[in-house]
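Asks: The sequence isn't on hand, but the structure is:
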């Protein structure tokens, strides 16, 4: 059965801290791995990763994929209270469906 | 260029009633996915549809739940004889066309279903 596992499930940090969120997966036909940020409403897209070892970066957020070890990490540096959200990892199972992990609930305290 | 539109935003039903959730994908998108989310949990895949076709319904309960994406009009997720356990946020997402390596999902704002 296809599955995506995320850790930790929840995390509380203070502003300015750096966090690393983990995502591991087992799917039959991997095409890409995606990270989403979910605040109160719709998940919003952060990154799509298809190749191993190539870091994607957007401001204080970065992500990298390891297709050999079947995992990805999402890093957030100098966290701000606005980073508080659920971070979802999903794997595109090659045209079948997108399998989501349970999410990591990040709380950034002032 | 409107995004994925879902309605209603909130739906309250009594046990035994029917719930109909609508989703209009982004313009040009022909693939629709429905997900369910319970509080403190991630998104659980329910069904994947293309126009007039159900591609994968492996995540949808066999009874009471059905989905369609007609040639014209929005995709509909229908829940018959709702029970309290159906209370959840239901998200719809769309993507352009199959076969492209850079596909990603675009989400609607969800429908919060509350069963009394």
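Replies: Right, received. Where do you want to start? From a predicted model like this one, the values you see are computed outputs, not experimental measurements. Numbers count the residues shown, from 1 in each chain, chains lettered A, B, ... in the order given.
Asks: where exactly do the strands run in the chain?
Replies: In the absence of a named chain, chain A is used. With DSSP state E, the ranges of strands along chain A come out as A:3-7, A:10-14, A:19-26, A:32-38, A:44-49, A:56-58, A:61-66, A:71-76, A:85-92, A:98-100, A:104-109.
Asks: Not quite, go with chain B.
Replies: Using DSSP E, the strands assigned to chain B run over residues B:5-7, B:10-13, B:19-24, B:31-37, B:43-50, B:53-56, B:65-68, B:75-79, B:88-95, B:106-107, B:111-115.
Asks: between the ones you listed, which one is nearest to residue A:105?
Replies: Set against residue A:105 and scored by C-beta to C-beta, the strands of chain B come closest in strand B:31-37, at 12.7 Å. All C-beta spots, glycine's among them, are computed from the backbone N, C-alpha and C.
Asks: And the contacts of the closest one?
Replies: Strand B:31-37 is contacted by residues A:97-98, A:100, B:23, B:25, B:43-50, B:60, B:67, B:69, B:75, B:77, B:88-98, B:105, B:110 when judged by C-beta atoms under 8 Å, 6 or more residues apart in numbering or on different chains.
Asks: Show me the contact partners of the worst-scoring helix or strand of chain A on mean pLDDT.
Replies: Among the helical and strand segments of chain A, the one scoring lowest on mean pLDDT, DSSP states H and E is strand A:98-100, with a mean of 89. Contacts with strand A:98-100, where a contact means C-beta under 8 Å, 6+ apart, come from A:2-4, A:25, A:27, A:34, A:88-93, B:33, B:35, B:42-45, B:93, B:105.
Asks: If any of these are buried, put those into a PyMOL selection.
Replies: Command for PyMOL, covering only those of those found buried under the criterion 16 or more other C-beta atoms under 10 Å in any protein chain shown:
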select buried, (chain A and resi 2+4+25+27+34+88+89+90+91+92+93) or (chain B and resi 33+35+42+43+44+45+93+105)
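Asks: Flag the shaky bits of the chain, pLDDT-wise.
Replies: Looking at chain A here, since you left the chain open. Applying pLDDT under 70 to chain A flags residues A:95-96.
Asks: that's the wrong chain, I wanted chain B
Replies: Counting by pLDDT under 70, chain B contains low-confidence ranges at B:1, B:97-102.
Asks: again, 50 this time
Replies: Low-confidence segments of chain B (pLDDT under 50): B:99, B:101.
Asks: Comparing the strands of chain A, which comes out most buried?
Replies: The highest average neighbour count among the strands of chain A, using mean count of other C-beta atoms under 10 Å in any protein chain shown, belongs to strand A:85-92 at a mean of 25.
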